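> Here is my input, please return the structure:
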Amino acid sequence: MALFNIFNIAGSGMSAESVRLNTVASNLANADSVSGSAATAYKARYPVFQALQASLMSPGAADPATRGADAAVQVSGIVQTTAPGTPHYEPGNPLADANGYVYSSNVNVVEQMADMISASRSYQNNVEVLETSKQLMLDTLKLGS
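Residues are numbered from 1 along each chain as shown. Prediction:
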């Protein structure tokens with residue numbers, strides 16, 4: 001039934017935002033990590049979302065009852081930034097390279113916190129969509145009795 005597609009769509013959105021929150025948590029956990037080379041320093045990671053609308057391109061898409069049936073959001077991958085880590089001169093650090101530098105991650109904590117708030121609110125919005133849809137369906141059933 002087409003009415004139940006909203007649960008699949010909102011559920012896929014919640015799943016995608018959960019991956020985004022986990023990625024932000026990983027970035028924040030590694031924000032203060034250091035390494036002995038720029039190549040091995042932790043680089044911030046970001047999920048790439050992809051909208052799926054397979055039924056809109058299928059031959060039966062003209063039927064309004066099936067339109068949007070396969071709509072969803074999926075995480076197509078997780079990418080790393082290419083920005084280099086920041087070098088710090090610490091010749092006494094055991095991780096320092098031959099020149100005395102250690103390299104910190106390229107994670108911007110303020111940007112990650114803003115991304116975390118955005119992901120959390122998007123997740124909450126999907127929960128509200130589910131709750132509203134459920135309540136509307138229940139109210140519609142009550143009309144018949």
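
> pLDDT value on the nearest residue to Pro87 once chain neighbours are set aside, please?
With sequence-adjacent residues excluded and distances taken as CB to CB, 6 or more residues apart in numbering, Pro87 is closest to Tyr101, at 4.5 Å. Glycine gets a C-beta too; all of them are placed from N, C-alpha and C. On pLDDT, Tyr101 comes in at 94.

> what's the answer for Ala38, then?
Note on Ala38: pLDDT of 89.

> what does Val127 give?
96.

> From Ser18, how far off is it?
From Val127 over to Ser18 the distance is 12 Å, taken as CB to CB, to the nearest Å.

> low-confidence ranges in this structure?
For the chain, the stretches with pLDDT under 70 are 1-2, 54-69, 145.

> Just give me the residue closest to the centre of it.
Arg20 (2.3 Å; CA atoms, centre = their mean).

> contacting residues around that residue?
With contact taken as CB atoms under 8 Å, 6 or more residues apart in numbering, Arg20 is in contact with 47, 115, 119, 122.

> for Met137, same thing?
Applying CB under 8 Å, 6+ apart, the residues contacting Met137 are Leu3.

> Now it: which helix or strand?
Assigned by DSSP states H and E, Met137 falls within helix 109-143.

> Centre of the chain to that helix, how far?
Here helix 109-143 shows a centroid-to-chain-centroid distance of 15 Å under the convention CA atoms, centre = their mean, to the nearest Å.

> which residues are contacting stretch 95-112?
24, 27-28, 30-38, 40-44, 81, 83-91, 93.

> Just the buried ones from those?
Buried members of those, counted by 16 or more other CB atoms under 10 Å: 24, 27-28, 30-31, 34-36, 41-44, 85, 87.

> follow-up on the earlier one: got the contacts of Arg20 as CSV, with distance to Ala10 columns?
Shown next, in CSV, are the contacts of Arg20 (distance: CB to CB, whole Å):
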residue, distance to Ala10
Pro47, 18
Asp115, 21
Ala119, 15
Ser122, 11
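
> Reformat those as CSV; add neighbour count.
Rendered in CSV, the data for those read as follows (neighbours: other CB atoms under 10 Å):
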residue, neighbour count
Pro47, 19
Asp115, 19
Ala119, 20
Ser122, 16
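
> and of the residues you listed, the nearest to Ala71?
For the contacts of Arg20, the residue nearest Ala71 by CB to CB is Ser122; the value is 16.4 Å.
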